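S.K.: coords below, sequence missing:
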């Protein structure tokens, strides 16, 4: 039943995407949609071929992904560490959480020029912006999960003689893993956005720089090509995160709001 539903969803998703592409191509070719602003799938496909053959695709992809992944790594470590620390010492949370919330409320786009001034036009400023963007996602997920934990779990572990370090590694972190992974998933998108925004402000390579460069010459084919590539990267990386989540959370049962279907699938 579950496999049949998955195949049905895949088929409908594919048909929907094909319909949008065909309608887009037809609209541009018939003159009903403005080619100057959105280009068309056939032109974008040709530009993608040129982008790949020239070797520029691999150059810009490697730069942007390197900035995003390094930023995500640092941001996730800092976010999990701060969330656990503030959960262990609530007084620190009362001091620093409002400050972190206030900084998070500032649009990072407005601070990007400041980061470039601090760290230069090289990769360091983009990594810092990507790391800071992902830090907020991971921190709030981790800290919120720790605060919402069932106190009886910690009390039971303490009664069994577990030390604080054992409670942390064997009770707190495994219980909070679903929320931490959710924060990392959001943090990846945030780190990618942070890297691209930093490249907009000043860079010599990367998708942000390429989009800004193509836009300045009204080359919408290249802009849409970059957007398409970023879309594919997001799909591939989210697929990888799904596999990691399935491996780490085998113990968690899947639930559905449709109780009738759940009972029927279990009985079959």
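M.R.: Arrived safely. Owing to the predicted nature of the structure, the values given are computational and were not obtained by experimental measurement.

S.K.: against residue 86, how distant is residue 120?
M.R.: As defined by C-beta to C-beta, to the nearest Å, residue 120 lies at a distance of 32 Å from residue 86. The way it works is simple: take the backbone N, C-alpha and C, and place the C-beta from them, glycine included.

S.K.: count the neighbours of residue 46 for me.
M.R.: By other C-beta atoms under 10 Å, the residues close to residue 46 number 12.

S.K.: do the same with the one 3 residues further on
M.R.: Each residue near residue 49 was counted by other C-beta under 10 Å, and the total is 11.

S.K.: the strand or helix carrying residue 230: which residues count as buried?
M.R.: Per DSSP states H and E, residue 230 falls inside helix 220-248. Of all the residues in helix 220-248, those buried under the rule 16 or more other C-beta atoms under 10 Å are 220-226, 228-230, 233, 237, 245.

S.K.: so between residue 120 and residue 86, which is more surrounded?
M.R.: residue 86 (22 against 11).

S.K.: for the helix or strand containing that one, the distance to its chain's centre please.
M.R.: Secondary structure assigned from DSSP H and E places residue 86 in helix 56-88. Using C-alpha atoms, centre = their mean, to the nearest Å, we find the averaged C-alpha position of helix 56-88 to lie 10 Å away from the chain's own average C-alpha position.

S.K.: cool, stretch 17-24 as well?
M.R.: Chain-centre distance of stretch 17-24: 26 Å, with C-alpha atoms, centre = their mean.

S.K.: so what touches it?
M.R.: 33, 38, 40, 41 (C-beta atoms under 8 Å, 6 or more residues apart in numbering).

S.K.: same question, stretch 107-124
M.R.: Under C-beta under 8 Å, 6+ apart, the answer for stretch 107-124 is 63, 66-67, 125, 128-129, 132-133, 194, 197-198, 200-204.

S.K.: neighbour-wise, which of those leads?
M.R.: Highest count within the contacts of stretch 107-124 by other C-beta under 10 Å belongs to residue 198, 33 neighbours.

S.K.: now for the helix or strand hosting it, which elements pack on it?
M.R.: Taking DSSP H and E as the criterion, residue 198 maps to helix 173-201. The elements that helix 173-201 packs onto, with contact taken as 3 or more C-beta pairs under 8 Å, 6 or more residues apart in numbering; DSSP states H and E, are helix 56-88, helix 108-119, helix 123-147, helix 207-216, helix 220-248.

S.K.: and of those, who's closest to residue 163?
M.R.: Residue 163 lies closest to helix 56-88 among these, at 13.2 Å (C-beta to C-beta).

S.K.: and the residue nearest to residue 78 when sequence neighbours are not counted, what pLDDT?
M.R.: For residue 78, ignoring the flanking residues on the chain, the nearest one in space by C-beta to C-beta, 6 or more residues apart in numbering is residue 135 at 5.2 Å. You'll see residue 135 listed with a pLDDT of 94.
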